[in-house]
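Peer 1: Requesting a structural model of the entry that follows:
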Amino acid sequence: MAPTTSTSETAALHAAEHSITVAASAATVYALVADVAEWPQVFGPTVHVEVLEEAPAEGGEQLLRIWAVAGDKVRTWTSRRVLDPAARTITFRQVVTADPVAEMGGEWRVQELEDGTTRVTLLHDYRAVNSDPAAEELIEQAVDRNSRAELLALKNTAELGDAREELHFTFSDSETVFGAAGDVFAFLDRADLWPQRLPHVARLDLTEDEAGIQHMDMDTASPDGSTHNTTSVRVCFEDRKVIVYKQLRVPVAMSGHTGRWVIESLGDGTVRATSWHTVTLDPGGVRTALGPQATLADARALVRKALGTNSSTTLRHAKQFAEERARAQS
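Peer 2: Numbers count the residues shown, from 1 in each chain. Next comes the predicted model:
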């Protein structure tokens, strides 16, 4: 069932309501909304979420910083939310907004229906800076587009049931580097230079509309000579030596792919550089890509090898880059 929408407004305050029916238990649906660590994998617009503060008890309050795609931009804001597992509601209010939003809040409501399905309602209220009509129209469009996308993604994920455990997996590859963390970060950050530095990158277009937020369009070469295209958004934290990313266009066998590069000091003059991947497979895409007899285990192994090979290659070149710089400075 497609999401339904109703919108009302009074003066400068606008309100929107979106809802969808999900063929899964209310407990399953609520858990997906409550677990922000899963949001980048579940919700298409969400790139990255960090929990800044959290009450120790179940439910309670959380302070979140969220990065999400809105239109052709990545917006970031800070929200406080209150979880009520008993009522299966989560209220939220932005405490640091992103222009042109002056105020934004709302609520998730998860309701169990008599037939065993679940009704999810997503409420928003908002106003634009200076109540600018053009800005409010943009906000309305973004709220409508993202709410529909989030509810449909929530439905699709929840209805996978136990199969999601087999479709969803995380893995990592690491290199120990006898060099500076800043040099490793610099190699990974300057992805625009990857076509000259990495053998598997055939083409890469990078734009950075604001510091630390990158859009990448990349063609990756396979060993058989073919290439596949992916588009990604990256958030780069130079102070922490961490880069997180989300692929917006993924290969056919996947429905979601997020990852991060993490550079950690080992305290002995070396650093550990690690590439993490989290993947959700698409069963239909697996059959399209690998044939009707392919199993999910086949697809997991293939994806693990393909992504791991490319990440390991990138890490080895980053290691070489940093260690050559260290030798030159010694």
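Peer 1: Return the set of residues that bridge with the closest residue in space to A34 that isn't next to it in sequence.
Peer 2: In this structure, A34 finds its nearest non-sequential neighbour in L83, 5.8 Å apart by Cβ to Cβ, 6 or more residues apart in numbering. The C-beta positions use only the backbone N, C-alpha and C, and glycine is treated the same way. Counting by DSSP bridges, L83 forms beta bridges with G60, I90.
Peer 1: quick one: contacts for L83?
Peer 2: A34, G59, G60, E61, Q62, I90 (Cβ atoms under 8 Å, 6 or more residues apart in numbering).
Peer 1: where along the stretch 151-300 of the chain do the strands fall?
Peer 2: Chain-ordered strands for the stretch 151-300 of the chain, with DSSP state E, counting those that start in this stretch as the definition, fall at 168-177, 201-210, 213-221, 227-237, 242-249, 254-265, 271-281.
Peer 1: where exactly do the helices run in the stretch 1-150 of the chain?
Peer 2: 26-34, 39-42, 133-158 (DSSP state H, counting those that start in this stretch).
Peer 1: highest average neighbour count across those helices?
Peer 2: By mean neighbour count, with neighbours taken as mean count of other Cβ atoms under 10 Å, helix 39-42 ranks first of the helices of the stretch 1-150 of the chain at a mean of 22.
Peer 1: Put the alpha carbons of that helix into PDB.
Peer 2: Taking C-alpha atoms only, helix 39-42 is exported to PDB below (Å, rounded to 0.1, in the frame of the first residue of the first chain):
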ATOM      1  CA  TRP A  39      18.700   4.300   9.800                       C
ATOM      2  CA  PRO A  40      21.300   4.800   7.000                       C
ATOM      3  CA  GLN A  41      20.700   1.200   5.900                       C
ATOM      4  CA  VAL A  42      16.900   1.300   6.200                       C
END
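Peer 1: average pLDDT for it?
Peer 2: Averaging pLDDT along helix 39-42 yields 92.
Peer 1: Which strands or helices does it pack on?
Peer 2: Here helix 39-42 touches strand 46-54, helix 133-158, strand 254-265, going by 3 or more Cβ pairs under 8 Å, 6 or more residues apart in numbering; DSSP states H and E.
Peer 1: let's go with 6 Å and repeat that
Peer 2: Packing contacts for helix 39-42, counted by 3 or more Cβ pairs under 6 Å, 6 or more residues apart in numbering; DSSP states H and E, involve strand 46-54, strand 254-265.
Peer 1: okay, the contacts of L83 in JSON lines with distance to F321 and pLDDT next?
Peer 2: Output for those, formatted as JSON lines (distance: Cβ to Cβ, whole Å; pLDDT from 0 to 100):
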{"residue": "A34", "distance to F321": "41", "pLDDT": "94"}
{"residue": "G59", "distance to F321": "47", "pLDDT": "66"}
{"residue": "G60", "distance to F321": "45", "pLDDT": "86"}
{"residue": "E61", "distance to F321": "43", "pLDDT": "93"}
{"residue": "Q62", "distance to F321": "39", "pLDDT": "94"}
{"residue": "I90", "distance to F321": "44", "pLDDT": "97"}
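Peer 1: So for the longest helix belonging to the chain, what gets flagged as buried?
Peer 2: Looking across the chain with DSSP state H, the single longest helix is helix 296-329. Across helix 296-329, burial judged by 16 or more other Cβ atoms under 10 Å covers 299-300, 303, 306-307, 310-311, 314-315, 317-319, 321-323, 325.
Peer 1: again, but for stretch 86-106
Peer 2: 88-92, 94, 97-98, 101-102, 104-106.
Peer 1: among these, which one has the lowest pLDDT?
Peer 2: With pLDDT as the yardstick, A98 is the minimum among the buried residues of stretch 86-106, at 83.
Peer 1: circling back: now the angle from the longest helix of the chain to strand 168-177?
Peer 2: With axes from the mean of the first three to the mean of the last three Cα atoms, to 10 degrees applied, the angle from helix 296-329 to strand 168-177 works out at 20 degrees.
Peer 1: which other helices and strands contact helix 296-329?
Peer 2: In terms of contacts (3+ Cβ pairs under 6 Å, 6+ apart), helix 296-329 is packed against strand 168-177, helix 181-189, strand 271-281.
Peer 1: Include mean pLDDT and mean neighbour count when you put the ones you listed into TSV, please.
Peer 2: Below are those laid out as TSV (pLDDT from 0 to 100; neighbours: other Cβ atoms under 10 Å):
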stretch	mean pLDDT	mean neighbour count
strand 168-177	97	16
helix 181-189	98	21
strand 271-281	97	20
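Peer 1: Now render the ones you listed as CSV, adding distance to A202.
Peer 2: Formatted as CSV, the helices and strands packed on helix 296-329 follow (distance: least, Cβ to Cβ, whole Å):
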stretch, distance to A202
strand 168-177, 21
helix 181-189, 18
strand 271-281, 20
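Peer 1: Of those, which is nearest Q141?
Peer 2: strand 271-281 (27.5 Å; Cβ to Cβ).
Peer 1: packing partners for the closest one?
Peer 2: Contact partners of strand 271-281 among helices and strands, from 3+ Cβ pairs under 6 Å, 6+ apart: strand 168-177, strand 254-265, helix 296-329.
Peer 1: can you redo those as a markdown table with distance to T76?
Peer 2: Output for these, formatted as a markdown table (distance: least, Cβ to Cβ, whole Å):
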| stretch | distance to T76 |
| --- | --- |
| strand 168-177 | 24 |
| strand 254-265 | 16 |
| helix 296-329 | 26 |
